[in-house]
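Colleague: here is the input, now give the coordinates:
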Amino acid sequence: MDVKHNHRPILIADDDEGDRFLTEKALKANGLENPIQFAQDGQELVDHLMKNLEAGPGKVSDLPCLILMDLNMPRLDGRATLKVIKNHDRLKTIPVIIFSNSDNPKDVSDSYQKGANSFFMKPLDYVELVALMGLLKTYWFQNAKLPALDA
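Modeller: Numbering: from 1, shown residues only. Alright, predicted model coming up:
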């Protein structure tokens, strides 16, 4: 993992407290040491990102290096949230992974068209969830190059 990114947070946006807890646990089970941030819906996620941008260069490091986001959330759903992130000049390079219970081909297609970097169905089994988080760790933190933050 790039040293610059191992202290940047991973943000999990999901309205289901149990899913947030299990996803965090599965990430930690794979040895990820990044801080984990949470948002209960898309509006909270967008508000968090904007607050960090407004805080200035010293606070930009609190922007996540990766966002795991559910599609079906109250207030601002994942579809609308993805559109906000990917249409913002300073946020659009943050990788967003859709992590949903939906296997609807339209949801998958729409997510990629709006700029999602990946789309995964949430596994029903914790062991499968740990394996999927291991795959994400290997891909995003050991093989892919993540964008640097512009201060």
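
Colleague: tell me which element residue 98 is part of?
Modeller: Secondary-structure element containing residue 98, defined by DSSP states H and E: strand 96-100.

Colleague: now do that strand: distance to the chain's middle.
Modeller: Distance of strand 96-100 from its chain centroid, counting by Cα atoms, centre = their mean, to the nearest Å, is 7 Å.

Colleague: any idea of the mean pLDDT for that strand?
Modeller: Taken as a whole, strand 96-100 has a mean pLDDT of 96.

Colleague: buried residues, that strand. List them.
Modeller: Neighbour-count burial for strand 96-100 flags 96, 97, 98, 99, 100 (criterion: 16 or more other Cβ atoms under 10 Å). Glycine gets a C-beta too; all of them are placed from N, C-alpha and C.

Colleague: same question for stretch 106-123.
Modeller: Those would be 107, 108, 110, 111, 114, 116, 117, 118, 119, 122, 123, for stretch 106-123 by 16+ other Cβ under 10 Å.
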